Every structure is written in C-alpha cells, then in structure tokens.
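In: Take a look and give me a structure for this.
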Amino acid sequence: MRTSGSALSTLPLRFEDTWRAGLGANYRLDERRKLRLGTAWDLSPVRDEFRTPRLPDEDRAWAAAGFEWKLGDKTAVLLSGLPADEAQPRARRGRAWMLDW
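Out: Below you'll find the predicted structure:
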C-alpha cells in the first residue's frame, strides 16, 4: 500500500469453482502390514487467460503409494509418497519423491 492508501498493483485471479475426484485402495499383506495405492484428478481454479508466473496452477493427475505397519493396537507407522512431478505445476517440476510419515 502507498501512504495514500492506494494499492501498488492488482492481480485479478478470478478463481472458478472446481472439483477433485480420487480413488484409493488398500491391500492387506497380513494382520500388521498394508499397501495403499491411489489416484486423483484435480482441476485448477485458475483459467488459462489468468495464469501467470505468480500463479502457475494447472489441472493435475495424481498417483500415490503408501505402506502401513501396525506396531500395536493403537500405534502404526505410515509411509506415503507421490512423485514430486505430480504435486507441482509443469513450470516447477523436478525429479524427486515427496514422502509423508
């Protein structure tokens, strides 16, 4: 903001309502271990004519995998990941995996 109170610049984003659809499955290896797989399609709320380097969002197709190891009745270790390429817009993609535990 300027001292006069006016904005330095404006960026009309004009977000649209959108949706995301996903599907996942668990495969139990035994009583303590489970594999998880999932996929999703995520539509961007940013229309092409308003996409900028400051907001390089786009539609995405996701693929993820995970593993659960149950240590006890109330304790489990969960590892999950997806290719970092899937989580980033094309302009910022790299070759790595993101892990969550």
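In: where does the residue found closest to residue 51 once you drop the neighbours it is linked to in the chain land in three-state SS?
Out: Of all residues not flanking residue 51 in the chain, residue 57 sits nearest, at 6.8 Å (C-beta to C-beta, 6 or more residues apart in numbering). Quick note: C-beta positions are derived from backbone N, CA and C, even for glycine. The three-state label given to residue 57 by DSSP: H, G, I helix; E, B strand; the rest coil is coil.
In: Make sure residue 57 is actually in contact with residue 46.
Out: Yes. Counting by C-beta atoms under 8 Å, residue 57 touches residue 46, with 4.4 Å between them.
In: Strands of the chain, start to end?
Out: 20-28, 33-42, 60-70, 76-83, 97-100 (DSSP state E).
In: got the angle between the second one and strand 76-83?
Out: So that's strand 33-42. In terms of direction (axes from the mean of the first three to the mean of the last three C-alpha atoms, to 10 degrees), strand 33-42 departs from strand 76-83 by 40 degrees.
In: Quick check: mean pLDDT of strand 33-42?
Out: For strand 33-42, mean pLDDT is 92.
In: orientation of that strand relative to strand 20-28 in degrees?
Out: 170 degrees.
In: ok, and what's touching strand 33-42?
Out: With C-beta atoms under 8 Å, 6 or more residues apart in numbering as the test, strand 33-42 has contacts from 20-29, 59-70, 80.
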